[in-house]
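Trainee: Have a look at this fold, sequence not included:
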């Protein structure tokens with residue numbers, strides 16, 4: 001008989017005891033009352049019951065053989081004795097688990113007592129029958145108190161479970177009882193001080209050779225610290241996800257093979273991806289990232305991606321990505337691999353920056369630059385036309401003036417052929433200067449440079465003064481030359497140097513037109529400096545400069561009929577020769593314009609006036 005309940009065992013024991021009493025009364029044999037006495041003692045207490053049974057077993061033979069009776073009476077008594085002893089054996093058998101309880105609560109063996117966690121055992125019907133001392137100490141009850149709890153009608157052990165966890169825990173326990181499957185549950189257990197801690201309850205069924213469940217055995221493991229750590233981790237993950245979702249850029253993750261599997265909130269809102277609904281493969285959410293790019297960019301993007309994923313190298317790429325409204329916008333994509341300690345790629349991190357507004361702004365800026373360049377080319381062409389006219393005007397005017405002089409000398413009576421010959425040489429020189437202007441303009445457009453030559457600036461100054469001698473004389477200007485006879489040579493274009501000196505001297509002449517003729521003087525000085533340069537200064541006695549800083553700007557002029565190009569051209573020529581040109585007012589009145597050039601490396605330190613030094 002399989003009696004799994006204490007109440008069942010007690011009921012059977014009481015029935016056996018009552019039967020023994022009836023038998024003793026029927027046959028008039030008091031030894032049958034021993035069974036009833038043993039049953040009563042066992043029900044009152046396990047230790048007293050065992051002592052009573054042992055005493056009854058020893059006293060029964062004494063009582064039996066001490067009484068005088070006949071043969072029939074002796075046989076009946078012997079039968080009653082045997083029945084009583086059998087009943088006692090049966091009662092002891094059904095209550096033999098008392099020794100198991102004593103071993104659990106008083107002298108526990110190595111199985112359950114040595115479990116470091118809360119160990120327990122249950123009967124096949126799920127009623128708790130054994131818990132180890134660690135469990136008793138944790139919940140703060142004694143062995144007798146736990147025994148009374150286990151002998152209750154219902155699952156009174158649930159009083160130690162948190163009320164919010166009881167229903168779910170009982171559902172899992174009943175499911176395991178019905179199916180025989182192992183039970184794994186997590187719930188909060190009340191400690192002796194009233195606090196609740198999380199435990200993982202694990203139990204399995206014990207079966208006999210026929211597969212019948214003979215009991216349940218399990219243990220509870222304290223996972224409260226783990227639960228708190230998991231809660232803290234979830235909170236950090238939530239904060240991290242919140243941070244990732246609020247970062248003003250699109251973040252997404254990919255598998256080592258390059259398949260996207262996570263998009264942050266900014267990417268979801270931008271691209272219209274449903275981050276919670278699973279869609280069939282091949283749809284937009286699970287498609288490779290290249291399918292979101294513009295059709296014209298997909299081939300190039302796919303090739304770059306495949307190369308990047310194959311080599312495991314970081315990637316930066318720009319392309320047009322489709323937004324949720326169907327508009328393609330320029331995106332700057334960057335990818336970085338996350339590797340483990342062995343260098344194996346675990347996942348790819350990607351960020352996308354919407355740079356469409358920036359790209360469009362750059363395109364607008366590029367178009368504006370092109371329009372500005374066209375406008376500048378038009379302005380430069382206009383400036384160049386004025387410059388050409390300005391440079392050609394000087395030699396052509398000289399040609400016209402010298403041609404008139406030539407005619408006058410030939411028409412004189414008698415004709416002065418010597419003067420006419422000198423004027424004819426000037427005409428040739430002026431015409432040659434005009435031709436050289438055209439040659440330089442053609443070289444400019446062909447992007448060719450003239451052959452540099454070593455020139456004598458003193459000779460250039462003398463040539464310009466000879467060219468302007470008539471004008472100096474007609475303007476009553478006194479020319480004062482202070483030229484250094486040991487002036488070193490410098491490398492420059494001879495015609496351009498004449499152009500610079502001519503423009504500066506002519507500006508000085510024009511600046512003194514409003515000054516009294518007795519005060520007009522033009523001083524030209526050439527000198528060498530200790531810094532390896534030569535300087536030429538042209539100083540007039542006019543009214544000075546109103547703005548010395550602006551006189552070299554193109555189209556800036558203070559003369560009613562001026563074009564503002566002469567000094568601007570001089571400034572360009574001097575800078576092209578790695579020189580410097582500046583202007584300043586003189587304290588005694590008038591203005592001074594000075595330019596300097598580097599000295600010819602290895603050149604002669606003394607050059608005859610008017611000579612040209614070959615390189």
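Mentor: Looks like it arrived, so ask away. Keep in mind it's a predicted model, so treat the numbers as computed, not measured.
Trainee: before we move on, which element is residue 584 in?
Mentor: Using DSSP states H and E, the element containing residue 584 is strand 580-585.
Trainee: May I see the buried residues of that strand?
Mentor: Across strand 580-585, burial judged by 16 or more other CB atoms under 10 Å covers 581, 583. Just so you know, the C-beta spots here come from the backbone N, C-alpha and C atoms, and that holds for glycine as well.
Trainee: Next: stretch 581-601.
Mentor: Quick answer for stretch 581-601 (16+ other CB under 10 Å): 581, 583, 590-600.
Trainee: ok, those vs residue 212, which is closest?
Mentor: Nearest to residue 212, judged by CB to CB, of the buried residues of stretch 581-601 is residue 598 at 114.5 Å.
Trainee: Would you mind measuring from that closest one to residue 584?
Mentor: Between residue 598 and residue 584 the computed distance is 22 Å (CB to CB, to the nearest Å).
Trainee: sec struct for the closest residue to residue 255 other than its chain neighbours, please.
Mentor: Using CB to CB, 6 or more residues apart in numbering and skipping the chain neighbours, the partner closest in space to residue 255 is residue 261 (6.1 Å). Under DSSP: H, G, I helix; E, B strand; the rest coil, residue 261 falls in the strand class.
Trainee: how about residue 261, what does it touch?
Mentor: Shown in contact with residue 261 (CB atoms under 8 Å, 6 or more residues apart in numbering): 253, 254, 255.
Trainee: Highest neighbour count among those?
Mentor: Among the contacts of residue 261, the one with the most neighbours (other CB atoms under 10 Å) is residue 254, at 21 neighbours.
Trainee: Can you name the residues that contact that residue?
Mentor: Residue 254 neighbours (CB under 8 Å, 6+ apart): 260, 261, 289, 335, 347, 348, 350.
Trainee: ok, back up a step: columns pLDDT on top of the contacts of residue 261, output as a markdown table?
Mentor: Output for these, formatted as a markdown table (pLDDT from 0 to 100):
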| residue | pLDDT |
| --- | --- |
| 253 | 82 |
| 254 | 82 |
| 255 | 83 |
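Trainee: for the residues you listed, which one is nearest residue 396?
Mentor: For the contacts of residue 261, the nearest to residue 396 is residue 254 (76.1 Å; CB to CB).
Trainee: Would you list the phi and psi of the closest one?
Mentor: phi -130, psi 150 (degrees, to the nearest 10).
Trainee: Repeat that for residue 596.
Mentor: According to degrees, to the nearest 10, residue 596 has phi -140, psi 150.
Trainee: ok, now residue 360?
Mentor: phi -70, psi -40.
Trainee: What's the separation between the residue nearest to residue 255 and residue 584?
Mentor: Counting by CB to CB - residue 261 and residue 584 are separated by 75 Å.
Trainee: Also residue 25?
Mentor: 152 Å.
Trainee: quick one: secondary structure of the residue nearest the centre of the chain?
Mentor: In the chain, the residue lying closest to the centroid (CA atoms, centre = their mean) is residue 351, at 6.9 Å. State at residue 351, reduced to three classes by three-state DSSP: strand.
Trainee: Tell me who's in contact with it.
Mentor: Neighbours of residue 351 in contact, by CB under 8 Å, 6+ apart: 249, 250, 251, 252, 333, 334.
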